[in-house]
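A.B. asks: Just need the structure, nothing else, for what follows:
(2 chains)
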Amino acid sequence: SQTIHQWPATLVQPVGSPLSLECTVEGTSNPNLYWYRQAAGRGLQLLFYSVGIGQISSEVPQNLSASRPQDRQFILSSKKLLLSDSGFYLCAWSGGLVDTQYFGPGTRLTVL
Amino acid sequence: AQSVTQPDIHITVSEGASLELRCNYSYGATPYLFWYVQSPGQGLQLLLKYFSGDTLVQGIKGFEAEFKRSQSSFNLRKPSVHWSDAAEYFCAVGPSGYALNFGKGTSLLVTP
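C.D. replies: Below you'll find the predicted structure:
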């Protein structure tokens, strides 16, 4: 069966520091991968998606970037964090465009 | 434009009572519809989905949902709520590009 992992589970970082969040998927190949951010009372906002290695699409302009160095690895990064980057970050995968998305456990990021 | 509306931000029900969570969508074609549940600090878990066929869909944990095209709705129901059902519930519609379009969620509180 498929499993999706995210780490770290929680992270507290100072403003201006770099960020790296990792997401890996097991039990499937060539998944579509997604990064969402969830802010309180605002639902889920899609940040990035990837349909293959090295293929990244951004949904909103922001301080963050994403990379997919391996088929089942998706990384969310920032060179300099802002206070507004605080939130709950969720990684998800799907088997195709028109398919169910399955979510990881999430990373709680607090920028101070 | 595609959108998902969950009219109720908070709902409180007594344990053992029935539950209905509302979801209305705006979508130009036949949508794919999903309900997810999120416990505090956790990722999203798929409850059920509708792609085509029977408009009454059964999911996990005793939940069901009914797709009503004429009303653009996909309401979630459960005949008897348990205390463990207290969580945040998200309705989603897709595809929206390469992703899903999520509602802002409904927070369910279950009282003894």
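
A.B. asks: what are the bridge partners for residue B:94, then?
C.D. replies: Listed beta-bridge partners, residue B:94: residue B:32 (assigned using DSSP bridges).

A.B. asks: Mind listing residues that contact stretch A:33-41?
C.D. replies: Stretch A:33-41 is contacted by residues A:23, A:25, A:44-50, A:66, A:68, A:74, A:76, A:87-94, A:101, A:106, B:9, B:98-99, B:104-105 when judged by C-beta atoms under 8 Å, 6 or more residues apart in numbering or on different chains. Every C-beta, even on glycine, is put in place using the N, C-alpha and C of the backbone.

A.B. asks: got the buried residues for that stretch?
C.D. replies: For stretch A:33-41, a neighbour-count test (16 or more other C-beta atoms under 10 Å in any protein chain shown) marks A:33, A:34, A:35, A:36, A:37, A:38 as buried.

A.B. asks: In those residues, find the pair that's most separated.
C.D. replies: Farthest-apart pair in the buried residues of stretch A:33-41 is A:33 and A:38; separation 16.8 Å (C-beta to C-beta).

A.B. asks: follow-up on the earlier one: give me the subset of the contacts of stretch A:33-41 lying in strands.
C.D. replies: Judged by DSSP state E, the contacts of stretch A:33-41 include A:23, A:25, A:44-50, A:66, A:68, A:74, A:76, A:87-94, B:99 as members of strands.

A.B. asks: Can you give the distance from the helix or strand of chain B with the lowest mean pLDDT to the centre of its chain?
C.D. replies: The weakest-scoring helix or strand in chain B, judged by mean pLDDT, DSSP states H and E, is strand B:99-102 (a mean of 86). Strand B:99-102 sits 13 Å away from the centroid of its parent chain (C-alpha atoms, centre = their mean, to the nearest Å).

A.B. asks: again, but for stretch B:33-43
C.D. replies: The answer for stretch B:33-43 is 9 Å, by C-alpha atoms, centre = their mean.
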